[in-house]
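Asker: model this:
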Amino acid sequence: MKITINSDEFKAWHEVGHATICLHMGGDLDCIEFLEGDARGFAVARCCDVMPDMERSVACGGYAAEFYLVQTGLVDWVDLQEISATVLGNAWRDRQEFAGRTVTEDNDFTKEEDEEFVRHATQAVAPIFQLYFSRMQNVVSELLAARKIDGARVKELLQLGIPP
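Answerer: Coordinates of the predicted model:
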């Protein structure tokens, strides 16, 4: 079965991507949750204890997860330009964190900033998901059912610290 763009499942994957990279890099996670009362159905991974050298990779985690799903054929899409624009748009706040600056209508992302974000996400971050993909599926399933998972449970589901 294919995942629909911007469905709750797709949004869950985005946040699980952030959480997985955060934990993989040695950060900590408070929780992942869908925001109550948010009409857009947004979710958030609340990472904490992220060292400055990790921040850019964690910021790329959501985009990288969406990219990974598209690349593995798990997302239902037709037009490459449309899916690319949608996935990049979903990462707007993440791109700000990656760039380390506030972006406005008058001060948009530069082409170089976007290229660096995409390059880091696709080349440095997305390959990490090969280590965790089946366990990430378990986190996504539980998040969809419970709407909130605490960080300790995410670590347990990802089996972090447990030898393969």
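Asker: which stretches of this structure form strands?
Answerer: 3-4, 28-34, 43-48, 75-76, 148-150 (DSSP state E).
Asker: quick one: average confidence on the first one?
Answerer: Going back to what we said before, that points to strand 3-4. In this model, strand 3-4 has a mean pLDDT of 94.
Asker: for stretch 58-77, same thing?
Answerer: 94.
Asker: next one: stretch 105-122
Answerer: Stretch 105-122 comes out at a mean pLDDT of 94.
Asker: same deal with stretch 8-20?
Answerer: 96.
Asker: What lies in contact with it?
Answerer: For stretch 8-20, contacts defined as C-beta atoms under 8 Å, 6 or more residues apart in numbering pick out 3-4, 29, 32, 34, 41-45, 47, 58-59, 61-66, 68-69, 75, 90, 94, 128-129, 132, 136, 139-140, 143-144, 151, 154, 158. Every residue, glycine included, has its C-beta placed from N, CA and C.
Asker: Drop anything exposed from these.
Answerer: 3, 29, 32, 34, 43-45, 47, 58-59, 61-66, 68-69, 75, 90, 94, 128-129, 132, 136, 139-140, 143, 151, 154, 158 (16 or more other C-beta atoms under 10 Å).
Asker: which ones among those residues are found in helices?
Answerer: 58-59, 61-66, 68-69, 90, 94, 129, 132, 136, 139-140, 143, 151, 154, 158 (DSSP state H).
Asker: residue contacts, the residue nearest to the spatial centre of the chain?
Answerer: Closest to where the C-alpha atoms of the chain average out (C-alpha atoms, centre = their mean) is residue 62, at 1.6 Å. Residue 62 makes contact with 14, 15, 17, 18, 45, 90, 91, 94 under the criterion C-beta under 8 Å, 6+ apart.
Asker: Output those as TSV; include the columns distance to residue 101.
Answerer: Compiled in TSV, the contacts of residue 62 are given as follows (distance: C-beta to C-beta, whole Å):
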residue	distance to residue 101
14	22
15	23
17	22
18	20
45	22
90	19
91	15
94	13
